[in-house]
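Engineer: Show me how the following folds:
(one chain, ligands or ions: 1)
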Amino acid sequence: MKVTEHLAAAKDTLFSIEVLPPQKGKTIDDLLRVIEPLMEFKPPFIDVTYHREEIIYKKRSDGLIEEVSLRKRPGTVGICAAIRGRFNVDTVPHLVCGGFSPEETEDALLTLHYLGINNVLLLQGDSDPTKKPNDNKREHRFASHLVEQVALMNKGRFLHEETENELKTNFCIGVAGYPEKHFEAPNLNSDLKWLKQKVDKGAEYIVTQMFFNNSKYFEFVEKCKQAGINVPIIPGIKPLASRTQLNNLPKIFHIDIPDGLVSEVEKCSDDKAVKRVGIEWAIAQSKELKKAGVPCLHYYTMSRSEATIEIAKAVF
Ligand SMILES: Cc1cc2nc3c(=O)[nH]c(=O)nc-3n(C[C@H](O)[C@H](O)[C@H](O)COP(=O)(O)OP(=O)(O)OC[C@H]3O[C@@H](n4cnc5c(N)ncnc54)[C@H](O)[C@@H]3O)c2cc1C
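Structural biologist: Numbering: from 1, shown residues only. So this is what the prediction gives:
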(Lines give C-alpha, C1' and ligand atoms only; values in the text may rest on other atoms or scores of the structure.)
Protein backbone atom coordinates (compact mmCIF):
# COMPACT_ATOMS: atom_id res chain seq x y z
CA MET A 1 0.00 0.00 0.00
CA LYS A 2 1.01 3.59 -0.48
CA VAL A 3 1.95 5.76 2.50
CA THR A 4 -0.96 8.07 1.68
CA GLU A 5 -3.36 5.10 1.66
CA HIS A 6 -2.12 4.08 5.11
CA LEU A 7 -2.61 7.64 6.35
CA ALA A 8 -6.09 7.87 4.86
CA ALA A 9 -7.16 4.52 6.36
CA ALA A 10 -5.77 5.26 9.85
CA LYS A 11 -8.16 5.86 12.73
CA ASP A 12 -5.41 7.18 14.99
CA THR A 13 -1.82 8.47 14.76
CA LEU A 14 0.40 5.86 13.08
CA PHE A 15 3.86 4.75 14.19
CA SER A 16 6.69 4.52 11.65
CA ILE A 17 10.48 4.34 11.66
CA GLU A 18 13.52 5.17 9.58
CA VAL A 19 16.52 2.83 9.46
CA LEU A 20 19.92 3.01 7.78
CA PRO A 21 21.43 0.34 5.54
CA PRO A 22 24.24 -1.50 7.34
CA GLN A 23 27.80 -0.36 6.68
CA LYS A 24 29.39 -2.26 3.82
CA GLY A 25 30.86 -5.51 5.18
CA LYS A 26 28.23 -5.96 7.91
CA THR A 27 25.37 -8.42 7.51
CA ILE A 28 21.73 -7.39 7.35
CA ASP A 29 20.98 -9.55 10.42
CA ASP A 30 21.63 -6.80 12.97
CA LEU A 31 19.26 -4.47 11.13
CA LEU A 32 16.52 -7.11 11.03
CA ARG A 33 17.07 -7.67 14.76
CA VAL A 34 16.57 -3.92 15.33
CA ILE A 35 13.30 -3.93 13.41
CA GLU A 36 11.86 -7.15 14.87
CA PRO A 37 10.82 -5.84 18.34
CA LEU A 38 9.45 -2.65 16.76
CA MET A 39 6.97 -4.65 14.66
CA GLU A 40 4.91 -5.03 17.86
CA PHE A 41 3.84 -1.40 17.31
CA LYS A 42 2.64 -2.19 13.78
CA PRO A 43 4.48 0.33 11.61
CA PRO A 44 2.60 0.39 8.29
CA PHE A 45 5.79 1.48 6.56
CA ILE A 46 9.53 1.62 7.22
CA ASP A 47 11.87 4.12 5.56
CA VAL A 48 15.36 3.12 4.48
CA THR A 49 17.86 5.95 3.90
CA TYR A 50 20.09 6.35 0.86
CA HIS A 51 23.74 7.28 1.09
CA ARG A 52 25.73 8.77 -1.73
CA GLU A 53 29.24 7.67 -2.56
CA GLU A 54 32.30 9.40 -1.14
CA ILE A 55 35.69 9.89 -2.71
CA ILE A 56 38.58 8.28 -0.83
CA TYR A 57 42.28 8.38 -1.67
CA LYS A 58 44.11 5.06 -1.65
CA LYS A 59 47.87 4.47 -1.90
CA ARG A 60 48.61 2.00 -4.69
CA SER A 61 51.43 -0.56 -4.61
CA ASP A 62 53.43 1.62 -7.04
CA GLY A 63 53.24 4.49 -4.54
CA LEU A 64 50.82 6.60 -6.55
CA ILE A 65 47.60 7.84 -4.99
CA GLU A 66 44.38 6.55 -6.53
CA GLU A 67 40.99 8.21 -6.24
CA VAL A 68 38.23 5.72 -5.43
CA SER A 69 34.50 6.35 -5.28
CA LEU A 70 33.06 4.32 -2.43
CA ARG A 71 29.55 3.93 -1.03
CA LYS A 72 29.78 3.12 2.67
CA ARG A 73 26.14 2.11 3.13
CA PRO A 74 24.97 0.57 -0.14
CA GLY A 75 21.94 -1.64 -0.71
CA THR A 76 18.88 0.54 0.03
CA VAL A 77 16.70 -1.09 -2.64
CA GLY A 78 17.67 -4.66 -1.69
CA ILE A 79 17.20 -3.89 2.00
CA CYS A 80 13.70 -2.54 1.32
CA ALA A 81 12.82 -5.76 -0.47
CA ALA A 82 14.37 -7.87 2.34
CA ILE A 83 12.50 -5.99 5.10
CA ARG A 84 9.23 -6.32 3.22
CA GLY A 85 9.82 -10.04 2.62
CA ARG A 86 10.68 -10.68 6.24
CA PHE A 87 8.05 -8.56 8.03
CA ASN A 88 5.36 -8.09 5.40
CA VAL A 89 5.48 -4.32 5.85
CA ASP A 90 5.62 -1.59 3.22
CA THR A 91 8.99 0.02 2.73
CA VAL A 92 9.96 3.50 1.61
CA PRO A 93 13.36 3.76 -0.04
CA HIS A 94 14.90 7.21 -0.04
CA LEU A 95 16.31 8.37 -3.37
CA VAL A 96 18.72 11.29 -3.67
CA CYS A 97 19.84 13.61 -6.46
CA GLY A 98 23.54 13.61 -5.57
CA GLY A 99 25.77 11.11 -7.32
CA PHE A 100 23.16 9.81 -9.77
CA SER A 101 22.41 10.77 -13.33
CA PRO A 102 18.70 11.00 -14.20
CA GLU A 103 19.15 7.84 -16.31
CA GLU A 104 20.55 5.90 -13.32
CA THR A 105 17.64 7.16 -11.25
CA GLU A 106 15.21 5.95 -13.91
CA ASP A 107 16.77 2.47 -13.77
CA ALA A 108 16.53 2.42 -9.96
CA LEU A 109 12.87 3.44 -10.15
CA LEU A 110 12.15 0.68 -12.63
CA THR A 111 13.82 -1.85 -10.34
CA LEU A 112 11.61 -0.63 -7.48
CA HIS A 113 8.54 -0.83 -9.68
CA TYR A 114 9.31 -4.43 -10.71
CA LEU A 115 9.81 -5.29 -7.03
CA GLY A 116 6.34 -3.91 -6.28
CA ILE A 117 7.74 -1.13 -4.06
CA ASN A 118 5.59 1.90 -4.81
CA ASN A 119 6.65 4.44 -2.21
CA VAL A 120 9.67 6.75 -2.46
CA LEU A 121 10.98 9.65 -0.37
CA LEU A 122 12.77 12.00 -2.76
CA LEU A 123 15.62 14.17 -1.52
CA GLN A 124 18.44 16.36 -2.65
CA GLY A 125 20.73 14.21 -0.48
CA ASP A 126 23.46 15.21 1.90
CA SER A 127 26.25 17.02 0.12
CA ASP A 128 29.50 15.22 -0.51
CA PRO A 129 32.27 16.97 1.45
CA THR A 130 34.86 15.41 -0.86
CA LYS A 131 33.22 16.60 -4.07
CA LYS A 132 35.65 18.50 -6.26
CA PRO A 133 34.69 21.49 -8.40
CA ASN A 134 35.59 19.62 -11.59
CA ASP A 135 33.29 16.75 -10.75
CA ASN A 136 30.78 17.41 -13.49
CA LYS A 137 28.62 14.30 -13.40
CA ARG A 138 25.12 15.17 -14.58
CA GLU A 139 22.69 14.95 -11.69
CA HIS A 140 19.48 16.58 -10.51
CA ARG A 141 20.15 19.65 -8.40
CA PHE A 142 17.01 19.88 -6.26
CA ALA A 143 14.55 17.32 -4.92
CA SER A 144 11.82 18.96 -7.02
CA HIS A 145 13.65 17.74 -10.15
CA LEU A 146 13.41 14.17 -8.85
CA VAL A 147 9.74 14.69 -8.04
CA GLU A 148 9.19 15.88 -11.60
CA GLN A 149 10.93 12.80 -13.01
CA VAL A 150 8.92 10.35 -10.89
CA ALA A 151 5.63 12.16 -11.57
CA LEU A 152 6.33 11.85 -15.31
CA MET A 153 7.15 8.14 -14.96
CA ASN A 154 3.81 7.73 -13.19
CA LYS A 155 2.27 9.00 -16.44
CA GLY A 156 4.35 6.61 -18.54
CA ARG A 157 6.81 9.29 -19.64
CA PHE A 158 10.43 8.15 -19.59
CA LEU A 159 13.60 10.13 -20.25
CA HIS A 160 14.47 11.00 -23.85
CA GLU A 161 11.10 9.74 -25.10
CA GLU A 162 8.37 11.88 -26.55
CA THR A 163 5.48 9.43 -26.25
CA GLU A 164 3.78 7.71 -23.34
CA ASN A 165 4.78 4.12 -22.58
CA GLU A 166 2.52 1.21 -21.80
CA LEU A 167 4.31 0.94 -18.46
CA LYS A 168 3.23 3.61 -15.98
CA THR A 169 4.79 3.49 -12.54
CA ASN A 170 2.61 4.12 -9.52
CA PHE A 171 4.84 5.76 -6.95
CA CYS A 172 3.56 7.61 -3.93
CA ILE A 173 5.98 10.50 -3.52
CA GLY A 174 7.14 11.88 -0.17
CA VAL A 175 9.54 14.80 0.36
CA ALA A 176 11.36 16.46 3.26
CA GLY A 177 10.30 19.63 5.11
CA TYR A 178 12.14 21.71 7.71
CA PRO A 179 10.21 23.31 10.61
CA GLU A 180 13.39 25.25 11.46
CA LYS A 181 14.11 25.88 7.75
CA HIS A 182 16.69 24.17 5.57
CA PHE A 183 20.16 25.48 6.35
CA GLU A 184 20.74 26.87 2.86
CA ALA A 185 17.41 28.70 2.60
CA PRO A 186 17.69 32.46 3.14
CA ASN A 187 14.52 32.35 5.25
CA LEU A 188 11.55 30.12 6.04
CA ASN A 189 9.28 31.77 3.46
CA SER A 190 11.75 31.04 0.71
CA ASP A 191 12.07 27.44 1.89
CA LEU A 192 8.27 27.11 1.92
CA LYS A 193 8.07 28.43 -1.63
CA TRP A 194 10.30 25.57 -2.82
CA LEU A 195 8.49 23.07 -0.60
CA LYS A 196 5.23 24.10 -2.27
CA GLN A 197 6.88 23.60 -5.64
CA LYS A 198 7.70 19.98 -4.66
CA VAL A 199 4.04 19.46 -3.72
CA ASP A 200 2.77 21.16 -6.87
CA LYS A 201 4.98 18.86 -8.92
CA GLY A 202 3.58 15.72 -7.32
CA ALA A 203 4.71 15.20 -3.70
CA GLU A 204 1.83 13.71 -1.71
CA TYR A 205 3.17 14.01 1.83
CA ILE A 206 5.99 15.62 3.79
CA VAL A 207 8.23 14.17 6.51
CA THR A 208 9.91 16.74 8.72
CA GLN A 209 13.42 17.09 9.91
CA MET A 210 13.76 16.27 13.64
CA PHE A 211 12.78 19.00 16.10
CA PHE A 212 12.75 19.10 19.89
CA ASN A 213 10.23 21.88 20.38
CA ASN A 214 6.72 20.97 19.23
CA SER A 215 5.74 24.59 18.75
CA LYS A 216 8.19 24.70 15.81
CA TYR A 217 6.20 21.88 14.16
CA PHE A 218 2.80 23.44 14.88
CA GLU A 219 3.95 26.83 13.51
CA PHE A 220 5.42 25.11 10.45
CA VAL A 221 2.16 23.27 9.72
CA GLU A 222 0.26 26.55 10.05
CA LYS A 223 2.67 28.36 7.71
CA CYS A 224 2.46 25.51 5.21
CA LYS A 225 -1.34 25.87 5.20
CA GLN A 226 -1.02 29.62 4.64
CA ALA A 227 1.37 28.90 1.77
CA GLY A 228 -1.20 26.58 0.17
CA ILE A 229 0.53 23.30 1.14
CA ASN A 230 -2.25 20.92 2.04
CA VAL A 231 -0.65 17.45 2.11
CA PRO A 232 -0.10 15.46 5.34
CA ILE A 233 2.98 16.61 7.30
CA ILE A 234 4.52 13.76 9.30
CA PRO A 235 6.67 14.89 12.24
CA GLY A 236 10.10 13.28 12.54
CA ILE A 237 11.25 12.54 16.10
CA LYS A 238 14.71 11.68 17.33
CA PRO A 239 15.42 10.96 21.00
CA LEU A 240 18.59 12.67 22.18
CA ALA A 241 21.09 9.93 23.03
CA SER A 242 24.28 11.52 24.37
CA ARG A 243 25.69 14.75 25.76
CA THR A 244 27.78 15.32 22.62
CA GLN A 245 24.55 15.46 20.59
CA LEU A 246 23.72 18.74 22.33
CA ASN A 247 26.35 20.30 20.06
CA ASN A 248 26.41 17.82 17.18
CA LEU A 249 22.73 17.80 16.28
CA PRO A 250 22.53 21.60 15.85
CA LYS A 251 25.79 21.48 13.86
CA ILE A 252 24.72 18.64 11.55
CA PHE A 253 20.97 19.20 11.26
CA HIS A 254 20.72 22.97 11.87
CA ILE A 255 18.08 22.67 14.57
CA ASP A 256 17.70 24.26 18.02
CA ILE A 257 17.67 22.34 21.28
CA PRO A 258 15.30 24.06 23.73
CA ASP A 259 16.53 25.42 27.08
CA GLY A 260 14.49 22.89 29.07
CA LEU A 261 16.16 19.93 27.37
CA VAL A 262 19.64 21.48 27.60
CA SER A 263 19.31 22.07 31.34
CA GLU A 264 18.01 18.51 31.95
CA VAL A 265 21.00 17.09 30.04
CA GLU A 266 23.44 19.31 31.93
CA LYS A 267 22.25 17.77 35.21
CA CYS A 268 23.17 14.26 33.97
CA SER A 269 26.32 12.57 35.26
CA ASP A 270 26.71 10.17 32.30
CA ASP A 271 25.27 9.27 28.89
CA LYS A 272 23.02 6.61 30.43
CA ALA A 273 21.24 9.40 32.27
CA VAL A 274 21.19 11.55 29.11
CA LYS A 275 19.51 8.68 27.22
CA ARG A 276 16.83 8.56 29.92
CA VAL A 277 16.24 12.31 29.57
CA GLY A 278 16.13 11.97 25.77
CA ILE A 279 13.54 9.19 25.96
CA GLU A 280 11.33 11.08 28.44
CA TRP A 281 11.53 14.21 26.28
CA ALA A 282 10.59 12.27 23.13
CA ILE A 283 7.68 10.60 24.99
CA ALA A 284 6.35 14.00 26.09
CA GLN A 285 6.77 15.39 22.56
CA SER A 286 5.08 12.36 21.01
CA LYS A 287 2.13 12.41 23.42
CA GLU A 288 1.47 16.08 22.70
CA LEU A 289 1.74 15.57 18.93
CA LYS A 290 -0.53 12.52 19.07
CA LYS A 291 -3.08 14.45 21.12
CA ALA A 292 -2.98 17.16 18.44
CA GLY A 293 -3.94 14.49 15.89
CA VAL A 294 -0.78 14.29 13.75
CA PRO A 295 -1.14 11.65 11.00
CA CYS A 296 1.91 9.60 12.00
CA LEU A 297 4.92 9.79 14.31
CA HIS A 298 8.09 8.91 12.43
CA TYR A 299 11.10 7.92 14.54
CA TYR A 300 14.71 8.33 13.46
CA THR A 301 16.08 5.15 15.02
CA MET A 302 19.65 5.45 13.68
CA SER A 303 19.26 1.65 13.42
CA ARG A 304 19.00 1.16 17.20
CA SER A 305 15.75 0.04 18.75
CA GLU A 306 15.95 0.39 22.57
CA ALA A 307 14.91 4.04 22.85
CA THR A 308 12.17 3.76 20.19
CA ILE A 309 10.71 0.67 21.92
CA GLU A 310 10.42 2.57 25.21
CA ILE A 311 8.85 5.58 23.51
CA ALA A 312 6.42 3.47 21.50
CA LYS A 313 5.38 1.52 24.64
CA ALA A 314 4.55 4.78 26.39
CA VAL A 315 2.79 6.43 23.44
CA PHE A 316 1.01 3.77 21.34
C1 LIG B 1 12.93 13.20 6.38
C2 LIG B 1 14.33 13.34 5.83
C3 LIG B 1 14.97 12.23 5.28
C4 LIG B 1 16.26 12.37 4.74
N5 LIG B 1 16.88 11.25 4.21
C6 LIG B 1 18.09 11.39 3.61
C7 LIG B 1 18.73 10.26 2.96
O8 LIG B 1 18.21 9.15 2.96
N9 LIG B 1 19.92 10.46 2.37
C10 LIG B 1 20.54 11.70 2.36
O11 LIG B 1 21.64 11.84 1.78
N12 LIG B 1 19.98 12.78 2.97
C13 LIG B 1 18.77 12.65 3.57
N14 LIG B 1 18.19 13.73 4.17
C15 LIG B 1 18.91 15.01 4.20
C16 LIG B 1 18.62 15.89 2.96
O17 LIG B 1 19.09 15.26 1.79
C18 LIG B 1 19.31 17.23 3.16
O19 LIG B 1 18.68 17.93 4.21
C20 LIG B 1 19.44 18.09 1.91
O21 LIG B 1 20.37 19.14 2.22
C22 LIG B 1 18.14 18.77 1.46
O23 LIG B 1 17.29 17.87 0.91
P24 LIG B 1 15.83 18.29 0.37
O25 LIG B 1 15.32 17.15 -0.38
O26 LIG B 1 15.03 18.86 1.45
O27 LIG B 1 16.30 19.45 -0.67
P28 LIG B 1 15.54 20.43 -1.65
O29 LIG B 1 14.08 20.35 -1.50
O30 LIG B 1 16.14 20.24 -2.99
O31 LIG B 1 15.99 21.86 -1.06
C32 LIG B 1 17.37 22.12 -0.81
C33 LIG B 1 17.56 23.63 -0.61
O34 LIG B 1 17.38 24.30 -1.86
C35 LIG B 1 16.31 25.24 -1.81
N36 LIG B 1 15.61 25.08 -3.11
C37 LIG B 1 14.82 24.06 -3.49
N38 LIG B 1 14.46 24.21 -4.78
C39 LIG B 1 15.06 25.34 -5.22
C40 LIG B 1 15.11 26.02 -6.47
N41 LIG B 1 14.43 25.55 -7.53
N42 LIG B 1 15.85 27.16 -6.57
C43 LIG B 1 16.54 27.62 -5.50
N44 LIG B 1 16.53 27.03 -4.29
C45 LIG B 1 15.81 25.90 -4.15
C46 LIG B 1 15.48 24.85 -0.59
O47 LIG B 1 14.84 25.97 -0.02
C48 LIG B 1 16.57 24.30 0.33
O49 LIG B 1 17.23 25.34 0.99
C50 LIG B 1 16.92 13.64 4.76
C51 LIG B 1 16.27 14.74 5.34
C52 LIG B 1 15.00 14.61 5.87
C53 LIG B 1 14.32 15.81 6.50
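Engineer: I'd say N154 and E164 touch.
Structural biologist: No: using CB atoms under 8 Å, N154 is not in contact with E164, being 11.0 Å away. Where C-beta positions appear, they are placed from N, C-alpha and C, glycine not excepted.
Engineer: more neighbours, these two?
Structural biologist: Neighbour comparison, N154 and E164: the larger count goes to N154, with 18 against 12 (by other CB atoms under 10 Å).
Engineer: What count of nearby residues applies to the closest residue to the more buried one other than its chain neighbours?
Structural biologist: Take N154 and drop its neighbours on the chain: the residue closest to it by CB to CB, 6 or more residues apart in numbering is T169, 5.3 Å away. For T169, the count of nearby residues is 21 (other CB under 10 Å).
Engineer: T169 reaches V150, doesn't it?
Structural biologist: Yes: contact criterion CB under 8 Å: T169 and V150 qualify, at 7.3 Å.
Engineer: tell me, what's touching the two both at once?
Structural biologist: L109 (CB atoms under 8 Å, 6 or more residues apart in numbering).
Engineer: can you pull the contacts of the residue nearest to M39 when sequence neighbours are not counted?
Structural biologist: Spatial nearest neighbour of M39, excluding adjacent residues (CB to CB, 6+ apart): F87 at 5.5 Å. F87 makes contact with 35-36, 39, 46, according to CB under 8 Å, 6+ apart.
Engineer: so which of the residues you listed also contact the ligand?
Structural biologist: For the ligand, no contacts are drawn from the contacts of F87 by CB under 6 Å from any ligand atom.
Engineer: List only those of the residues you listed flagged as buried.
Structural biologist: For these, a burial check counting by 16 or more other CB atoms under 10 Å picks out 35, 46.
Engineer: quick one, helices of the stretch 101-250 of the chain?
Structural biologist: 102-115, 143-154, 188-201, 214-226, 245-253 (DSSP state H, counting those that start in this stretch).
Engineer: what about the residue nearest to K223 when sequence neighbours are not counted, how many neighbours?
Structural biologist: Of all residues not flanking K223 in the chain, L192 sits nearest, at 6.1 Å (CB to CB, 6+ apart). Neighbourhood size, L192 [other CB under 10 Å]: 21.
Engineer: So is stretch 19-27 next to the ligand?
Structural biologist: No: figure legend: stretch 19-27 not in contact with the ligand (CB under 6 Å from any ligand atom); closest approach 8.2 Å.
Engineer: Show me what counts as buried in that stretch.
Structural biologist: Applying 16+ other CB under 10 Å to stretch 19-27 flags 19-22 as buried.
Engineer: So T13 is in contact with P295, correct?
Structural biologist: Yes: T13 is in contact with P295 according to CB under 8 Å; the separation is 6.8 Å.
Engineer: Poorly predicted segments of the stretch 101-250 of the chain, please.
Structural biologist: 129-136 (pLDDT under 70).
Engineer: And L64, how far from the ligand?
Structural biologist: 31 Å (CB to the nearest ligand atom, to the nearest Å).
Engineer: Count the neighbours of that residue for me.
Structural biologist: 8.
Engineer: likewise the one 4 residues further on?
Structural biologist: As a burial measure, V68 scores 10 neighbours (other CB under 10 Å).
Engineer: part of a strand, is it?
Structural biologist: Yes: V68: assigned to a strand according to DSSP: H, G, I helix; E, B strand; the rest coil.
Engineer: so what's it up against?
Structural biologist: So V68 contacts 55-58 (CB under 8 Å, 6+ apart).
Engineer: right, and the pair among those residues with maximum separation?
Structural biologist: I55 and K58 (10.3 Å; CB to CB).
Engineer: Return the residues of the stretch 51-200 of the chain in contact with the ligand.
Structural biologist: 52, 94, 96, 123-126, 142-144, 176, 182, 184-185, 190-191, 194, 198.
Engineer: still on that earlier bit, quick one: the residue nearest to M39 from E306, how far?
Structural biologist: 19 Å (CB to CB, to the nearest Å).
Engineer: got it, and M39?
Structural biologist: With CB to CB as the criterion, M39 and E306 are 15 Å apart.
Engineer: Looking at I55 and K58, which is more packed in?
Structural biologist: I55 (14 against 10).
Engineer: Can I take it that that one is in a helix?
Structural biologist: No: looking at I55 with three-state DSSP, it is strand, so not inside a helix.
Engineer: Can you name the residues that contact the residue lying closest to Q197 once chain neighbours are set aside?
Structural biologist: Spatially, and ignoring its direct neighbours in sequence, Q197 is nearest to S144 (5.1 Å; CB to CB, 6+ apart). Shown in contact with S144 (CB under 8 Å, 6+ apart): 194, 197-198, 201.
Engineer: Could you pull out the buried residues of stretch 255-262?
Structural biologist: Here stretch 255-262 shows 255, 257, 261 as buried, counting by 16+ other CB under 10 Å.
Engineer: Could you tell me how many residues sit around T244?
Structural biologist: Counted with other CB under 10 Å, T244 comes out at 10.
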